[in-house]
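Colleague: One predicted model, sequence on top.
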Amino acid sequence: MKPVLSLRGISKSFPGVKALQGVQIDLFAGQVTALIGENGAGKSTIVKVLTGIYQPEEGTIEIDGKPVRFATAQDAQRAGVTAIHQETVLFDELSVAENIWLGHAPRTRLGLIDRRAMRAGAQRLLASIGATLNPDLRLGDLGIASKHLVAIARALSTEARVVILDEPTAALSHKEINELYDLVETLKAQGKAILFISHKFDEVFRIADRYTVFRDGQFIGAGAIADATEGQLVQMMVGRSVDQIFPQRSHNIGPPVLTVVGYNHPTEFADIGFTLHRGEILGFYGLVGAGRSEVMQALFGITTPSKGAVRIDDQVRVIRSTHEAIAAGIVYVPEDRGRQGAIRGLPIFQNVTLPSLTRTSRAGFLQLAEEFRLSREYTQRLDLRASSLDQELGLLSGGNQQKVVIAKWLATKPRVIILDEPTKGIDIGSKAAVHEFMAELAAEGLAVIMVSSEIPEVLGMSDRVIVMREGRIIDEVTGARMTPETLVRAAAGLAEAA
Amino acid sequence: MTGIATGRTIPDRLQSRTYRALRSWETILLVVAVGVFVINSFASPHFLNAWNLSDATFNFTEKAMIAFAMAMLIIAGEIDLSVASIIALVSTAMGLAMQAGAGVPVLICVGLFTGLVCGALNGALVAGMGLPSIVVTIGTMSLFRGISYIVLGDQAFTGYPDGFDFFGQGYVWWVFSFELVLFAVLAVVFWLLLHRTNFGRAVYAIGNNATAAQFSGIRVARVRFILFLLTGLMSAIAAICLTSRLGSTRPSIATGFELEVVTMVVLGGVNILGGSGSIPGVVLAALIMGMVTFGFGLLNVPGIVMSIFLGLLLIGVIAVPRLLRGK
């Protein structure tokens, strides 16, 4: 059988990162191909290449054996490739029919939008996927599952031959997921070639015909699902060449510092409880959306949990604001550095001293000399590269900005430091510096929590790993169980291999 | 203490403060101010007269007092368009107190208290409820002045007690009026507050990135609330001076002040989107606006031309730096 769509040798890089290195994918008519890989394997990048949002530096895209070039998103759509994203891009204020036809609505002879044809067409498309939605309803009044149906109807309205489903079940309930599986079967029966991107093995085995595995932007393997086992796929996903060296750790673990008991939030997490010790690095692993950051932000006073208690050194502390968290000795290096961590318009030294101003000032008046002294002490510990401490933070590279954000927190002399994806999007050199620094902090007796989606980092740095899934702690991994397979299986909700 | 520090020392600053100051917006304003002064002294023989110059300062002193607080508010990413209406309400409240027989100290207290209540209302709506300040203060702008109109109709309060006229008409020494001295003192106080205190640093942090400021332990809502209180208080002080100077209260008092105050702040180099600006810039902008108004007055230039000039100046100060940067 000839593939409908075939990618060969696709490479794409961004400053400091090779997102894709010579990857390939084949999609066949009437078949579902599952694309699997860890966070950062290059799944989202390949979807953007396929839909004309990114242009690869190397490689060919062929449709029916003829080479094509997608310079824009419109090119890809015209060639019959359409994607339904994790967060579907639809318009709440428009009707179902308008959403389906937006941008390519049928026209009357006068060039006006033909509303009757639009309604009829919407009804026909919705019926073809077994949906009974009124095309006149306002989209905002529908649930997430119905919105997905509209998104799929929209995809079909462009006469798509290739349909990409990018983690379509991430936000769906159990019942809705089953309806989606039925829908995928319908699309298969209509002869569409489907690329199904998923983290979940049960679903891959349930609906996919073929698989393709990426790892670190590289093509690892492909084949028929019928010939593969779960174990093989997990192995392909995580088995990697050891190209990262992590610092030696002393593992000198002291008494408990932070105890969290029965932490609950109405929507984000439930029954969170753990203990963190002096000198320990505690890893938090899980898929994106497992609720790890939400727990950490509650500990830092950004959101308020509905139930539960936090104890520091056996003293119950109430944390309702970041101010109280800092006073209690808990600090948080956020994942979203640009929005939550760095104040780019202010100079480096002012970023560093912002949470410590009460210590560097006298009776509320700034003491610039003291501010420079404190910021020099901590930025030099992190080996910051900058032309002066008065330089605007926004002029530094991402890695150096991250060092400033970390320095800011160390200067407050915290008891507990929470690092949320501390090395995301920074270059390899800065990454190693951050790792080394974390090890050093733990050795000095700080209690460290590291939230990370990078398995090598989690395993290379942590003394213990807590795995979260769907807002709950589902496993605590220590000692010999600290393997990539255990983490991936726990996070995906699979039983442990025998 | 650490294994990875390289011993390289990052300098505090690359450029000296003097060098930086020379290249700043404030320097351009200073040159403009001197230019306006020189042109005015050639254009009219009456300009270089101490008493005339002293009279001219009343053009800007009341607005500039509010502009100091407004500058901090705009640097923090907020705005208060209700300041002129706060003046009307404060003046009306003082008028009512006067009719009830209050003496000067009570009048001042009533005025300041009314201003703080107005600021607290704005602050509660913006900082407490998270409503956008531009909408809230357009609303309170109508509300506060509306109350004045209901109380006064087409009447006016007159006959303020002896001694009350000092705030708007009195002189501390020689040509230096009470208002001018108060302006200078407040300029120093606000300069210290914005540029030399933790509070001022928090204002810049919030204006640059309010989320990151919150994530750094800054009590963002509290700072915003205090800024609105401060603006209400400064509006009340301006209202006391203005009412004293005019000797009467009409509901139309200080109409249009809010736009002149915002113009002064922006001309002074405060970024209307928040995050940057300085008190010296606002002081210079106040002096320039005052001298231009006075100079045009001496030359019998009609008020409408003055208004055109100020409009062009305002657009110019925003557009020129952008054109110079080539974008």
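Modeller: Sure, I can see it.
Colleague: Model confidence score at A:P347, please.
Modeller: A:P347 is assigned a predicted lDDT (pLDDT) of 94.
Colleague: Does it touch A:D390 like I think?
Modeller: Yes. Counting by CB atoms under 8 Å, A:D390 is a contact partner of A:P347 at 4.8 Å. All C-beta atoms are positioned from the backbone trio N, CA, C, and that covers glycine.
Colleague: which residues does A:T304 contact?
Modeller: Contact partners of A:T304, counting by CB atoms under 8 Å, 6 or more residues apart in numbering or on different chains, are A:298, A:320.
Colleague: So it: helix, strand or coil?
Modeller: The three-state assignment at A:T304 reads coil, by DSSP: H, G, I helix; E, B strand; the rest coil.
Colleague: Over to A:P56?
Modeller: Criterion first, three-state DSSP; result for A:P56: coil.
Colleague: how about low-confidence regions in the stretch 1-150 of chain B?
Modeller: B:1-8 (pLDDT under 70).
Colleague: of all of the stretch 51-200 of chain B, which residue lies closest to chain A?
Modeller: B:N198 (4.4 Å; CB to the nearest CB).
Colleague: Hmm, A:L366 and that residue touching each other?
Modeller: Yes. Counting by CB under 8 Å, B:N198 touches A:L366, with 6.6 Å between them.
Colleague: okay, and the common contacts of those two?
Modeller: Going by CB under 8 Å, 6+ apart, residues that sit against B:N198 and also against A:L366 are A:L357.
Colleague: just to revisit the earlier point, number of nearby residues for the residue of the stretch 51-200 of chain B closest to chain A?
Modeller: Residues lying near B:N198 (other CB atoms under 10 Å in any protein chain shown) number 18.
Colleague: nearest residue to it other than its sequence neighbours?
Modeller: A:L357 (4.4 Å; CB to CB, 6 or more residues apart in numbering or on different chains).
Colleague: again with B:S177
Modeller: Counting by CB to CB, 6+ apart, B:Y171 is the residue found nearest to B:S177 once chain neighbours are left out, at 5.3 Å.
Colleague: so what's the residue of the stretch 51-200 of chain B closest to chain A up against?
Modeller: By CB under 8 Å, 6+ apart, the residues touching B:N198 are A:357-358, A:361, A:364-366.
Colleague: So which of those residues wins on neighbours?
Modeller: If you count neighbours using other CB under 10 Å, the busiest of the contacts of B:N198 is A:L357, which has 22 neighbours.
Colleague: of all the contacts of B:N198, which comes closest to A:A155?
Modeller: For these, the closest approach to A:A155 (CB to CB) belongs to A:L357, at 53.0 Å.
Colleague: Show me what the helix or strand where the closest one lies is packed up against.
Modeller: In the assignment (DSSP states H and E), A:L357 maps to helix A:357-360. In terms of contacts (3 or more CB pairs under 8 Å, 6 or more residues apart in numbering or on different chains; DSSP states H and E), helix A:357-360 is packed against helix A:368-381, helix B:198-208.
Colleague: do that again at 10 Å, thanks
Modeller: helix A:348-353, helix A:368-381, helix B:198-208 (3 or more CB pairs under 10 Å, 6 or more residues apart in numbering or on different chains; DSSP states H and E).
Colleague: Over it, what's the mean pLDDT, rounded is fine.
Modeller: Helix A:357-360 shows a mean pLDDT of 90.
Colleague: Only C-alpha atoms, please: export it in CSV.
Modeller: Provided in CSV are the C-alpha atoms of helix A:357-360 (Å, rounded to 0.1, in the frame of the first residue of the first chain):
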residue,chain,number,x,y,z
LEU,A,357,14.1,44.6,50.1
THR,A,358,13.1,44.6,53.7
ARG,A,359,16.6,43.3,54.5
THR,A,360,18.6,45.5,52.2
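Colleague: next one: that helix to chain centre, how far?
Modeller: Centroid displacement of helix A:357-360 relative to its chain, using CA atoms, centre = their mean, to the nearest Å, is 36 Å.
Colleague: Other residues contacting that helix?
Modeller: Outside helix A:357-360, the residues that touch it by CB atoms under 10 Å, 6 or more residues apart in numbering or on different chains are A:327, A:349-350, A:352-353, A:364, A:366-375, A:411-413, B:197-199, B:201-202, B:205, B:216-218.
Colleague: Buried ones among the residues you listed?
Modeller: Neighbour counting by 16 or more other CB atoms under 10 Å in any protein chain shown classes A:349-350, A:352-353, A:366-367, A:371-372, A:374-375, A:411-412, B:197-199, B:201-202, B:205, B:216-218 among the contacts of helix A:357-360 as buried.
Colleague: So the spatially most central residue of chain B, which state does it fall into?
Modeller: Geometric centre of chain B, nearest residue: B:A67, 0.9 Å, by CA atoms, centre = their mean. Here B:A67 is recorded as helix under three-state DSSP.
Colleague: That one against B:L259, yeah?
Modeller: No. Between B:A67 and B:L259 there is no contact under CB atoms under 10 Å: 11.7 Å.
Colleague: Flag every buried residue along the helix ranked longest in chain B.
Modeller: With secondary structure taken from DSSP state H, chain B has its longest helix at helix B:220-246. Across helix B:220-246, burial judged by 16+ other CB under 10 Å covers B:220-221, B:223-246.
Colleague: Please name whichever of the helices and strands packed on helix A:357-360 is nearest to B:L96.
Modeller: helix B:198-208 (34.0 Å).
Colleague: For the stretch 151-300 of chain A, which residue gets nearest to chain B?
Modeller: Counting by CB to the nearest CB, the stretch 151-300 of chain A gets nearest chain B through A:F300, at 7.8 Å.
Colleague: Quick check: beta-bridge partners of the closest residue in space to that residue that isn't next to it in sequence?
Modeller: Among residues not flanking A:F300 along the chain, A:Y332 sits closest, at 3.9 Å (CB to CB, 6+ apart). Taking DSSP bridges, one obtains A:I418 as the residues bridged to A:Y332.
Colleague: just checking, A:Y332 touches A:I406?
Modeller: No. A:Y332 sits out of contact with A:I406 when judged by CB under 10 Å, with a separation of 11.0 Å.
Colleague: so what sits against both of these two?
Modeller: Joint contacts of A:Y332 and A:I406 (CB under 10 Å, 6+ apart) are A:341, A:417, A:419.
Colleague: circling back to that earlier point, and the residue of the stretch 151-300 of chain A closest to chain B, how far is that from B:G159?
Modeller: 59 Å (CB to CB, to the nearest Å).
Colleague: now do B:L230
Modeller: The gap separating B:L230 from B:G159 is 31 Å, by CB to CB.
Colleague: picking that back up, which ones are touching the residue nearest to A:F300?
Modeller: So A:Y332 contacts A:293, A:296-297, A:299-302, A:322, A:325-326, A:340-341, A:409, A:414, A:416-420, A:449, A:451, B:215 (CB under 10 Å, 6+ apart).
Colleague: How about stretch A:14-28, which residues are buried there?
Modeller: A:17, A:19-21, A:23, A:25-28.
Colleague: helix/strand/coil for the residue most central in space within chain A?
Modeller: By CA atoms, centre = their mean, chain A has its centre lying nearest to A:V288, at 4.5 Å. Secondary structure state of A:V288, per three-state DSSP, is coil.
Colleague: shaky segments in the stretch 201-327 of chain B?
Modeller: Scanning the stretch 201-327 of chain B with the threshold set as pLDDT under 70 gives B:321, B:325-327.
Colleague: low-confidence ranges in the stretch 1-150 of chain A?
Modeller: Checking the stretch 1-150 of chain A against pLDDT under 70 turns up A:15-17, A:39-40, A:86-89.
Colleague: those helices in the stretch 101-250 of chain B, which residues are they?
Modeller: Along the stretch 101-250 of chain B, counting by DSSP state H, counting those that start in this stretch, helices occupy B:104-123, B:133-152, B:166-169, B:178-196, B:198-208, B:210-215, B:220-246.
Colleague: Just give me the neighbour total for residue 284.
Modeller: By default, I'm working from chain A. Using other CB under 10 Å, A:F284 has 26 neighbouring residues.
Colleague: Switch to chain B, please.
Modeller: So B:L284, with other CB under 10 Å, has 24 neighbours.
Colleague: Just give the nearest non-adjacent residue to it, would you?
Modeller: According to CB to CB, 6+ apart, the nearest residue to B:L284 is B:L29 (3.9 Å).
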